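Peer 1: Sequence first, predicted model second:
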There are 2 protein chains.
Amino acid sequence: MYPKCLNKIIDSFKDLPGIGEKTAERLAFALINFNEEKLTSFADAIVDVRDKLSHCHVCGNITDNDVCNICSDKSRDGKIVFVVEKAKDISLFEKINVYNCKYHVLGGLISPLEGIGPDDININSLLNRIEKENIEELILALKPSIEGETTMQYIKKFFEKTGVKVTRIATGIPMGTDIEYIDSMTLEFALEGRKDI
Amino acid sequence: MYPKCLNKIIDSFKDLPGIGEKTAERLAFALINFNEEKLTSFADAIVDVRDKLSHCHVCGNITDNDVCNICSDKSRDGKIVFVVEKAKDISLFEKINVYNCKYHVLGGLISPLEGIGPDDININSLLNRIEKENIEELILALKPSIEGETTMQYIKKFFEKTGVKVTRIATGIPMGTDIEYIDSMTLEFALEGRKDI
């Protein structure tokens, strides 16, 4: 019933996570009211995502160059490398911006159930980096789940001989959360990670 | 920090209603995982929205032709015309699909407060249609708000002399809603519109 291009827009929106039929229709109709310049910018950007974006050869981050702007940033000494699951996670730590660090994107977590082994994620390239770069500490910033724990244990063992320090970010109660809503596994981790005050 | 095209995508998503910074980032990163074909389709559709979509010369619906596919549908006798605020509203009644009807899109509601008068919305063209087409009834399917009521009153007066029947859809309690959550104005309308059972 809608014009063809509108149906295509609705289908495209529906392919995005968390967007159903109704929201897709609402967004598509909102798009109609964009001015020419905004529509051009949106379409061009999507074409650029298709044609220009790839993964950084060093760390696996999203980039429109061979090497991403973090890896090529000379002001970062890169002694600390955050190991993250997804390129998107990098922005979380960049917003904190306290470590003069670099990153390494695994692109997944080890999951025997889903048939994802250590060779399916971006671990071997991290060994290359440790040989070439001046890395002193790997901070594993992976989600505390079965897959995350498995991956962290694997990485710890894998890099044991390199002498690089491997740490993980703390599992515990998030700020502002009432303890009564926290699952017992998180509580156990939080207890284990208790500190003097 | 992100590649330029990703920032442009995030900005475009943020221009859509109900999408903030975080959701825009999440959607943009989801878009990266679209395959080439899907990205092409999305970008092409946005270009088509820019270049091809316009308003139907007859009813004001969104179309990629001079006249929309509902107005040019010979199987509709068009004795009943639904008067709606937005092109998007048409789809709601098309989904019910009980009336062999046509539509007329006002493109807004009369709102003295916002300086929107009768000449700012698509009412005069409806008079042309009544003169040319075989219209017997206008069903006003506008939202029951101050602007909606004002517009409905205006349209009723405006078309009084044409002899066309002007009706409005019922205001009342939506299906499945508990009466205790209904405002008193809606309750008044629902009482006024009571029917024998």
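Peer 2: That came through, no problem.

Peer 1: Could you list the domains of chain A?
Peer 2: A:4-52, A:73-168 (automatic domain parsing).

Peer 1: Would you format the ones you listed as CSV with mean pLDDT included?
Peer 2: As requested, those are exported to CSV (pLDDT from 0 to 100):
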stretch, mean pLDDT
domain A:4-52, 94
domain A:73-168, 92
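
Peer 1: Point out the most buried one among those.
Peer 2: domain A:4-52 (a mean of 17; mean count of other Cβ atoms under 10 Å in any protein chain shown). Using the backbone N, CA and C atoms, a C-beta is placed for each residue, glycine as well.

Peer 1: coming back round to it: and the domains of chain A: which comes nearest chain B?
Peer 2: domain A:4-52 (3.4 Å; Cβ to the nearest Cβ).

Peer 1: now check the closest one, is it near chain B?
Peer 2: Yes - using Cβ under 8 Å from any Cβ of the partner chain, domain A:4-52 comes into contact with chain B via A:4-6, A:8-9, A:11-12, A:15-19, A:23, A:25-27, A:29-32, A:34, A:36, A:38-50, A:52.

Peer 1: mind listing which of those residues are in helices?
Peer 2: A:4-6, A:8-9, A:11-12, A:23, A:25-27, A:29-32, A:36, A:38-50, A:52 (DSSP state H).

Peer 1: wait, what's in contact with A:Ile182?
Peer 2: A:173, A:190 (Cβ atoms under 8 Å, 6 or more residues apart in numbering or on different chains).

Peer 1: Please apply the same query to the one 4 residues further on.
Peer 2: By Cβ under 8 Å, 6+ apart, the residues touching A:Thr186 are A:144, A:171-173.

Peer 1: now do A:Leu53
Peer 2: Contacts of A:Leu53 by Cβ under 8 Å, 6+ apart are A:62-64, B:3, B:5-6, B:32.

Peer 1: residues contacting the residue positioned nearest the centre of chain A?
Peer 2: Nearest to the geometric centre of chain A sits A:Lys86, at 2.2 Å (Cα atoms, centre = their mean). The contact partners of A:Lys86, taken as Cβ under 8 Å, 6+ apart, are A:105, A:107, B:29.

Peer 1: now do A:His55
Peer 2: A:61-63, A:87, A:105, A:107 are the contacts of A:His55 under Cβ under 8 Å, 6+ apart.

Peer 1: That one and A:Gly107, how far apart?
Peer 2: Distance of A:His55 to A:Gly107, computed by Cβ to Cβ, to the nearest Å: 8 Å.

Peer 1: residue boundaries of the strands in chain A?
Peer 2: Listed in chain order, the strands of chain A (DSSP state E) span A:54-55, A:62-63, A:80-84, A:102-105, A:137-140, A:165-168.

Peer 1: What pairs with the longest one, parallel or antiparallel?
Peer 2: Read it as strand A:80-84. Using DSSP bridges, the strands paired with strand A:80-84 are strand A:102-105 (parallel), strand A:137-140 (parallel).

Peer 1: any idea how far A:Val67 is from the closest residue to A:Glu136 other than its chain neighbours?
Peer 2: Nearest residue to A:Glu136, sequence neighbours excluded (Cβ to Cβ, 6 or more residues apart in numbering or on different chains): A:Lys79, at 4.4 Å. Going from A:Lys79 to A:Val67 by Cβ to Cβ gives 19 Å.

Peer 1: try A:Cys5
Peer 2: 38 Å.

Peer 1: With A:Gly18 instead?
Peer 2: With Cβ to Cβ as the criterion, A:Gly18 and A:Val67 are 32 Å apart.

Peer 1: ok, now A:Phe159?
Peer 2: For A:Phe159, the distance to A:Val67 - Cβ to Cβ - is 23 Å.

Peer 1: correct me, but A:Ile10 touches A:Glu25?
Peer 2: Yes - at 5.8 Å, A:Ile10 counts as touching A:Glu25 under the criterion of Cβ atoms under 8 Å.

Peer 1: Pull up the distance across stretch A:91-103, start to finish.
Peer 2: Start and end residues of stretch A:91-103 are separated by 10 Å (Cα to Cα, to the nearest Å).

Peer 1: Kindly list the main-chain dihedrals of the closest residue to A:Thr63 other than its chain neighbours?
Peer 2: Nearest residue to A:Thr63 in three dimensions, chain neighbours excluded: A:Cys56, at 4.6 Å (Cβ to Cβ, 6+ apart). Dihedral pair for A:Cys56: phi -60, psi 130, per degrees, to the nearest 10.

Peer 1: A:Cys56: neighbour count?
Peer 2: 21 (other Cβ atoms under 10 Å in any protein chain shown).

Peer 1: Could I get the contacting residues of A:Val105?
Peer 2: A:55-56, A:59-61, A:84-87, A:89-90, A:122.

Peer 1: Which pair in those has the greatest spatial separation?
Peer 2: A:Cys56 and A:Glu85 (15.4 Å; Cβ to Cβ).

Peer 1: Tell me the spacing between A:Lys88 and B:Cys101.
Peer 2: Distance from A:Lys88 to B:Cys101, by Cβ to Cβ: 47 Å.

Peer 1: tell me the contacts of A:Phe189?
Peer 2: A:144, A:170-172.
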